[in-house]
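A.B. asks: Got a sequence here, can you model it:
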Amino acid sequence: MYDVIIIGAGPAGISASLYAKRANKSVLVLYHGESQLEKAHMIDNYYGFDGGITGADLYSNGISQAETLGVEVKNEEALHIAMTPEMNFEVITADNKYEGKTLILSTGNKKIKPNIKGIDEFDGKGISYCAICDGFFYRRKKVAVIGNGDYALSEAGDLENIVEKLTVLTDGLPAPNTDKYEVITKKIKEIKGDMRVGSVEFEDGTSLEVNGIFIAQGVAGGADFAKKLGVALSGDSIKVNPDMSTNVPGVFSCGNINGGLLQVCKAVYEGAEAGLSAVKYLKEKEK
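C.D. replies: Modelled structure (predicted):
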């Protein structure tokens, strides 16, 4: 059992981990995939770096700093997050299961919208991004999940006992390692329908009849986890109070997923707020 589990190892998540760890709390940071910070060739508008610093160096320096302080940092993809009956948070990865008293979301906004004709037209009309949230509406119907990684398989797992038929579509990418579901690797040309999703048309001229499509490309982002936990959103951004708390007790959010100024300085500040607020929440909970 950890005091604080943080999803994301960018400047917001690492900043939160430093403040929580310095308050003598047990802290786990989980991250997976390439951070937006790593892609920055040079950062020359951040305090203290005369001549600038590459995003990759700043990112790796932050993780090293956290590990030196005693924070556990693990490269594992969080696939599923749920609240336990004891009001703690269970985080499931491909290989492990972790439990924490508080949760800090700092993944950035990683929702990937495929460049497929019809995605925007049918958003909310058969296109969904959360299996737990919307799966019930597709009971005994034909459903497809677009994606080819562990996150897509996790979403499929949330749907398999609800829908009549489930198909995983990789949109031209390699098939995931599974024999549980029908997998189609053809490139998708268009999503069609009348008022709602009705079929998926492939570039080879074939089609698949579906009533709903769940998008699960890449890895899950903060908004994806927020929806599963009942955290309030504004568009794709998480709604937070000034102390980075959300409407769900014990859940905090920081960094790009909160919207606003997408800069390292803001992420570090919000991470500090989130880490300190998680510590305060734990103290009040222990009274």
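
A.B. asks: Export only the CA atoms of the helix or strand hosting residue 280, formatted as PDB.
C.D. replies: Using DSSP states H and E, the element containing residue 280 is helix 264-286. Output in PDB follows, covering the C-alpha atoms of helix 264-286 (Å, rounded to 0.1, in the frame of the first residue of the first chain):
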ATOM      1  CA  VAL A 264       7.100  23.300 -17.800                       C
ATOM      2  CA  CYS A 265       6.900  26.100 -15.200                       C
ATOM      3  CA  LYS A 266       3.100  25.600 -14.800                       C
ATOM      4  CA  ALA A 267       3.500  21.800 -14.700                       C
ATOM      5  CA  VAL A 268       6.100  22.000 -11.900                       C
ATOM      6  CA  TYR A 269       4.000  24.400  -9.900                       C
ATOM      7  CA  GLU A 270       0.800  22.300 -10.200                       C
ATOM      8  CA  GLY A 271       2.800  19.200  -9.300                       C
ATOM      9  CA  ALA A 272       4.000  20.800  -6.100                       C
ATOM     10  CA  GLU A 273       0.400  21.800  -5.300                       C
ATOM     11  CA  ALA A 274      -0.900  18.300  -6.000                       C
ATOM     12  CA  GLY A 275       1.900  16.700  -3.900                       C
ATOM     13  CA  LEU A 276       1.300  19.000  -0.900                       C
ATOM     14  CA  SER A 277      -2.500  18.600  -1.200                       C
ATOM     15  CA  ALA A 278      -2.200  14.800  -1.200                       C
ATOM     16  CA  VAL A 279      -0.100  15.000   1.900                       C
ATOM     17  CA  LYS A 280      -2.700  17.300   3.600                       C
ATOM     18  CA  TYR A 281      -5.500  14.900   2.500                       C
ATOM     19  CA  LEU A 282      -3.700  12.000   4.100                       C
ATOM     20  CA  LYS A 283      -3.200  13.800   7.400                       C
ATOM     21  CA  GLU A 284      -6.800  14.700   7.600                       C
ATOM     22  CA  LYS A 285      -7.900  11.200   6.700                       C
ATOM     23  CA  GLU A 286      -5.700   9.800   9.500                       C
END
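
A.B. asks: How far does that helix sit from its chain's centre?
C.D. replies: 19 Å (C-alpha atoms, centre = their mean, to the nearest Å).

A.B. asks: tell me the mean pLDDT over that helix?
C.D. replies: For helix 264-286, mean pLDDT rounds to 96.

A.B. asks: ditto for stretch 15-35
C.D. replies: Taken as a whole, stretch 15-35 has a mean pLDDT of 94.

A.B. asks: OK, contacts around residue 259?
C.D. replies: Remark: with contacts taken as C-beta atoms under 8 Å, 6 or more residues apart in numbering, residue 259 is in contact with 234-235, 237. Any C-beta I mention is one placed from the backbone N, CA and C, and that applies to glycine too.

A.B. asks: What count of nearby residues applies to the nearest residue to residue 275 once chain neighbours are set aside?
C.D. replies: Setting aside the residues directly before and after it, residue 275 is nearest to residue 19 in space (C-beta to C-beta, 6 or more residues apart in numbering), at 3.3 Å. Counted with other C-beta atoms under 10 Å, residues neighbouring residue 19 total 20.

A.B. asks: How about residue 138?
C.D. replies: The number of residues packed near residue 138 is 22, by other C-beta under 10 Å.

A.B. asks: helices and strands around the helix holding residue 280, which ones?
C.D. replies: strand 2-7, helix 11-22, strand 97-105, strand 251-253 (3 or more C-beta pairs under 8 Å, 6 or more residues apart in numbering; DSSP states H and E).
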